[in-house]
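# below are the sequence and a predicted model for it; my questions follow.
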Amino acid sequence: MNYRSLFRTSRVAVVTAALLGGGLSVAGATSPAGASPAGPAAKHTVSYSVTCSVGIFGSQTLKGSITMTTPNTVAAGAKFKATGVRITLQIPKSLVNAGFAATIRSFKGKLTKYTVTNSDATPKTVNGVGSTGQPIPRTKIVQNQALTLFIPSKTATFSMGPFTAGSKGTDTGTAGATAATVQALNSAGAVVTTINATCQPPTTRKIWSVAVS
């Protein structure tokens, strides 16, 4: 028996099986259609304050944050997204108590607008939560207790984009005006009032920076 020939044949069979089974990554293999030639991911967390018009509760200054992941770098003309997006909003005790006094015991709604503007990508300006918005989960309020609101929830996230990178340089994403529709509910779950809230940051805030190569 020709053991050398048998060894070569067996080695080819093993390599072929591994490739077909997806067990090996081949250098220089073509990326799937539509994939973005992007660099390693970068996580961004930005804290901010916003001034909001909150229906019957008037003007309120609220603190919040947004967390997301983008590529560190992206090729000019390539598409990219901001993924793992989650927004938090701090509801102060004073606003909770005002709601409690108005017989509100919980609320729910939808974030309908989150304006994002790109410095070196298109679309230039978009609604980051899309045409359908993002849910504001039903949240109970407790008298004398501030609360943290998570959008879309404490465990879920959403994506912004895709965007198409422009020329070489840096794309900076900034956030502007936001809007939400909120139903304030009593202890029986009936609507006490519907609030069409609008918020504006005191200054335009940068939420990501992506190098365009």
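Cool, the structure landed.
# look up which residues are beta-bridged to Ser106.
Beta-bridge pairing for Ser106 (DSSP bridges): Lys140, Leu185.
# typo on my end, Thr83
Going by DSSP bridges, Thr83 forms beta bridges with Thr69.
# quick one: residues contacting Lys113.
127, 129, 133, 177-180 (Cβ atoms under 8 Å, 6 or more residues apart in numbering). Just so you know, the C-beta spots here come from the backbone N, C-alpha and C atoms, and that holds for glycine as well.
# buried subset of those?
127, 129, 133, 178-180 (16 or more other Cβ atoms under 10 Å).
# which residue ranges form the strands in the protein?
Using DSSP state E, the strands of the chain run over 41-53, 59-71, 73-74, 79-91, 106-118, 121-122, 125-127, 134-140, 147-151, 158-165, 169-185, 191-200, 205-212.
# what helices and strands are in contact with the fourth one?
Applying 3 or more Cβ pairs under 8 Å, 6 or more residues apart in numbering; DSSP states H and E, we find strand 79-91 packed against strand 59-71, strand 147-151, strand 158-165, strand 205-212.
# off-centre distance for the third one?
What separates the centre of strand 158-165 from the centre of its chain is 10 Å, taken as Cα atoms, centre = their mean, to the nearest Å.
# tell me the neighbouring strands of it, and mark each as parallel or antiparallel.
Applying DSSP bridges, one finds strand 158-165 paired with strand 79-91 (antiparallel), strand 121-122 (antiparallel).
# follow-up on the earlier one: for the helices and strands packed on strand 79-91, which one sits closest to Gly189?
strand 147-151 (18.5 Å; Cβ to Cβ).
# hmm, who's touching that closest one?
Residues from elsewhere that reach strand 147-151 (Cβ under 8 Å, 6+ apart): 86-91, 96, 111, 134-137, 139, 141.
# these two touch, right, Ala75 and Ala165?
Yes. Using Cβ atoms under 8 Å, Ala75 makes contact with Ala165 at a distance of 6.7 Å.
# what's the most distant pair in the contacts of Lys113?
Spanning the widest gap among these are Gly133 and Ala177, at 14.2 Å by Cβ to Cβ.
# now the most centrally placed residue in the chain. Nearest residue, chain neighbours left out?
Central residue of the chain (Cα atoms, centre = their mean): Val85, 1.9 Å from the mean position. Take Val85 and drop its neighbours on the chain: the residue closest to it by Cβ to Cβ, 6 or more residues apart in numbering is Met68, 4.4 Å away.
# the one you found: what's it in contact with?
Met68 touches 43-44, 82-86, 160, 207-208, counting by Cβ under 8 Å, 6+ apart.
# same question, Gly169
120, 211-212.
# rewinding a little: would you list the helices and strands packed on strand 79-91 in a markdown table and tack on mean pLDDT and distance to Ile195?
Shown next, in a markdown table, are the helices and strands packed on strand 79-91 (pLDDT from 0 to 100; distance: least, Cβ to Cβ, whole Å):
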| stretch | mean pLDDT | distance to Ile195 |
| --- | --- | --- |
| strand 59-71 | 94 | 11 |
| strand 147-151 | 96 | 13 |
| strand 158-165 | 96 | 22 |
| strand 205-212 | 93 | 23 |
